[in-house]
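A.B. asks: Give me a model of this one.
(chains A, B, C and D)
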Number of protein chains: 2
Amino acid sequence: MDKKESLSQHLIDFLSNQILTEMRPNDRLPSERDLMLQFNVSRTTVRNASDKLELSGLVTRMHGKGTFVTKRSESLTNLADLFSFSKTMELQGRTPSDRIIKFKKISADEELIQRLNLKENLNVFEVDRIRMASGKPMMFGKSFLPAGVFEGLTRKQLEENSMYRTFEDDYDVHIKEADESCRASILNDKISNLLDEKPGAACLRLERVTMDNSGRAIEYTISWARADEFNYRIKHLYR
Amino acid sequence: MDKKESLSQHLIDFLSNQILTEMRPNDRLPSERDLMLQFNVSRTTVRNASDKLELSGLVTRMHGKGTFVTKRSESLTNLADLFSFSKTMELQGRTPSDRIIKFKKISADEELIQRLNLKENLNVFEVDRIRMASGKPMMFGKSFLPAGVFEGLTRKQLEENSMYRTFEDDYDVHIKEADESCRASILNDKISNLLDEKPGAACLRLERVTMDNSGRAIEYTISWARADEFNYRIKHLYR
DNA sequence: TTAACAAAGTGGTATTTACCAGTTTATAGG
DNA sequence: CCTATAAACTGGTAAATACCACTTTGTTAA
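C.D. replies: Residues are numbered from 1 along each chain as shown, chains lettered A, B, ... in the order given. So this is what the prediction gives:
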């Protein structure tokens, strides 16, 4: 049943869980050599895991000193922590809701094929949604889901449950990680209208590719987020 | 004379230069095993260099296929790694330079007093700079430095050395950490002019407070960065 | 001709060993 | 008591080797 997981991935899972549940910012992690012994793996494996944890921003390494839990400062809606829109909004005491304005099966173009790493079945579902918090439109997103993974997906399913919930419950697809990038952009007429904003207003354009446990790309999403509601916060540690 | 440079750094320099001057998007790089032979280094070293190149967005690896030059639209500077503008630009094979367009001592307003946690001496130096990479204006920044920390600071000092270099060498101020936030915004007439862009163009507005070893706030900077050159990349890990 | 399979090529993970480069701490000498 | 220095940490770079997982290509058999 369980997909065999790499040693470094196991370390990543263990450490990130440890960090989030039992450690506090600036706490020091065991040294790489200690982790070698504790988990009976090579230093390469430990460093591999550390690389990923550092990339995800969970830890910060300092030459000669050690590896520490990164401190993240408070934020309005810190995009770095925005893995799930609905969960984040709930956490802020706002009521999240989606309005699906498009749902159809299309054939993937070259870019989609590459992003989702499609093989035989080139059909994808396109889902366009306006995402709201307590009635206020916050972002607009276009998601593309491989039809080969989500066979028989219906609009009704997505209207009744959140997308990630549908992945888990209806298709037994478990999210493992996501690569996201974000840049500044300008709202065009159509999207500004949907977000109740002026055309030409600033926005953040987000792109995300989400992967499941077995490494399949299961979602490619482009979102446009109101500039006045989202930001990124990062803490840099030197030397 | 030569600063000793690691083998992987040498590989990085060579490859990034190669990519920027002689290769086009989607071109394939030599395989890792070929690079081993060409440069007479171990695969560890090749992969180390590849890791960095992938991180910097210059190349994209595909399991079983090869390593390819990333499409230009994806090769933006990752702000999450931009602790130092000049160092980041050098890593990309570009030549960083600053043009100081304002330098004067002013009296801090309420906001500055709070951000820099000023006590008695409310004087601050304001330094406005255009930051360029290989001659192209990349971002505009207004920095505020407590006069109590940097006594007798002159424009000449900043023109001769980088700001952080001046902190270290001339004032023995060692940077420990920085809190940064970023959001989308629109360029106004003045700044768009300085950046050689159109007014109303999208930009990222960055704010940073930098602290030294003793926890003093030593710098507060607001920057406006070209939307077509910078983005944030984040890797989310789910549990 | 075509479908199935094998081989060769790619990046990905892992081990073991060695040494380099910073930081902290213990210790010896004044 | 202090200072210099050595030892013992820390993470960083590098080599050599092996095998796994995925993709392309070439060959073989139906």
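
A.B. asks: residue contacts, A:P199?
C.D. replies: Residues counted as contacts of A:P199 (CB atoms under 8 Å, 6 or more residues apart in numbering or on different chains) are A:L187, A:N188, A:D189, A:S192, A:N193. No exception for glycine: its C-beta is placed from N, CA and C like everyone else's.

A.B. asks: again, 7 Å this time
C.D. replies: Neighbouring residues of A:P199 by CB atoms under 7 Å, 6 or more residues apart in numbering or on different chains: A:L187, A:N188, A:D189, A:S192.

A.B. asks: The residues you listed in strands, which ones?
C.D. replies: Among the contacts of A:P199, no member falls in strands (DSSP state E).

A.B. asks: ok, so of these, who is nearest chain B?
C.D. replies: Distance ranking of the contacts of A:P199 against chain B, using CB to the nearest CB, places A:L187 first at 9.4 Å.

A.B. asks: you'd agree the closest one is up against A:L204?
C.D. replies: No: here A:L187 does not reach A:L204: they are 10.5 Å apart, not a contact under CB atoms under 7 Å.

A.B. asks: List the contacts of stretch A:65-72.
C.D. replies: Defining contact as CB under 7 Å, 6+ apart, one finds that stretch A:65-72 is touched by A:19, A:23-29, A:31, A:50, A:57-62, A:233, A:235.

A.B. asks: Would you mind putting the CA coordinates of that stretch into PDB?
C.D. replies: Output of stretch A:65-72 as PDB, limited to C-alpha atoms (Å, rounded to 0.1, in the frame of the first residue of the first chain):
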ATOM      1  CA  LYS A  65      27.400  26.600  15.100                       C
ATOM      2  CA  GLY A  66      24.600  24.200  14.200                       C
ATOM      3  CA  THR A  67      21.200  24.000  12.600                       C
ATOM      4  CA  PHE A  68      18.300  25.900  14.100                       C
ATOM      5  CA  VAL A  69      14.600  26.200  13.800                       C
ATOM      6  CA  THR A  70      13.800  29.300  11.800                       C
ATOM      7  CA  LYS A  71      11.900  32.000  13.400                       C
ATOM      8  CA  ARG A  72       9.000  33.300  11.300                       C
END
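
A.B. asks: Quick check: buried residues in it?
C.D. replies: A:T67, A:F68, A:V69, A:T70, A:R72 (16 or more other CB atoms under 10 Å in any protein chain shown).

A.B. asks: SS state for the first one?
C.D. replies: Secondary structure for A:T67, judged by DSSP: H, G, I helix; E, B strand; the rest coil, is strand.

A.B. asks: Just grab the bridge partners of it for me.
C.D. replies: Using DSSP bridges, the bridge partners assigned to A:T67 are A:R61.

A.B. asks: roughly how far apart are it and DNA strand C?
C.D. replies: Separation of A:T67 from DNA strand C (CB to the nearest atom of the strand, to the nearest Å) stands at 13 Å.

A.B. asks: And the strands in chain A?
C.D. replies: A:59-62, A:66-69, A:96-107, A:123-133, A:136-146, A:175-186, A:202-212, A:217-226, A:232-237.

A.B. asks: and the fifth one, average pLDDT?
C.D. replies: Mean pLDDT, strand A:136-146: 94.

A.B. asks: hmm, which helix or strand of chain A has the shakiest average pLDDT?
C.D. replies: Least confident helix or strand of chain A, by mean pLDDT, DSSP states H and E, is strand A:232-237 with a mean of 63.

A.B. asks: interface residues of chain A facing DNA strand D?
C.D. replies: For chain A, the residues in contact with DNA strand D (CB under 7 Å from any atom of the strand) are A:4, A:29, A:31-34, A:43-44, A:47, A:50, A:61-67, A:117, A:119, A:215.

A.B. asks: Can I get the buried part of the residues you listed as one ChimeraX selection?
C.D. replies: Buried members of these, defined by 16+ other CB under 10 Å, are picked up in ChimeraX with:
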select /A:29,32,47,50,61,67,117
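
A.B. asks: Looking at the residues of chain A next to DNA strand D, which are in helices?
C.D. replies: Among the residues of chain A next to DNA strand D, DSSP state H puts A:E32, A:R33, A:D34, A:R43, A:T44, A:R47, A:S50 in helices.

A.B. asks: Could you work out the most separated pair of these?
C.D. replies: Pairwise distances across those (CB to CB) peak at 15.4 Å, for the pair A:D34 and A:T44.

A.B. asks: which one of the ones in helices among the residues of chain A next to DNA strand D is nearest A:T166?
C.D. replies: Ranked by distance to A:T166 (CB to CB), these are led by A:S50 at 34.2 Å.

A.B. asks: From A:H63, how far off is the closest one?
C.D. replies: Per CB to CB, to the nearest Å, A:S50 is found 13 Å from A:H63.

A.B. asks: quick one on the thing from earlier: ok, so of the buried residues of stretch A:65-72, who is nearest DNA strand C?
C.D. replies: A:F68 (11.3 Å; CB to the nearest atom of the strand).

A.B. asks: and the nearest residue to A:I186 once chain neighbours are set aside, what are its bridge partners?
C.D. replies: In space, and not counting its chain neighbours, A:I186 is closest to B:A202: 4.9 Å by CB to CB, 6 or more residues apart in numbering or on different chains. Beta-bridge partners for B:A202, by DSSP bridges, are B:I186.

A.B. asks: Whichever helix in chain A runs longest vs strand A:175-186, what angle?
C.D. replies: Scanning chain A for the longest helix, with DSSP H as the assignment, gives helix A:7-22. Angle of helix A:7-22 versus strand A:175-186, following axes from the mean of the first three to the mean of the last three CA atoms, to 10 degrees, is 80 degrees.

A.B. asks: neighbouring contacts of helix A:7-22?
C.D. replies: Against helix A:7-22 from outside (CB under 7 Å, 6+ apart): A:F39, A:V41, A:T45, A:V46, A:N48, A:A49, A:K52, A:L53, A:L58, A:V69, B:L237, B:R239.

A.B. asks: I'm done for today, thanks for sticking with me.
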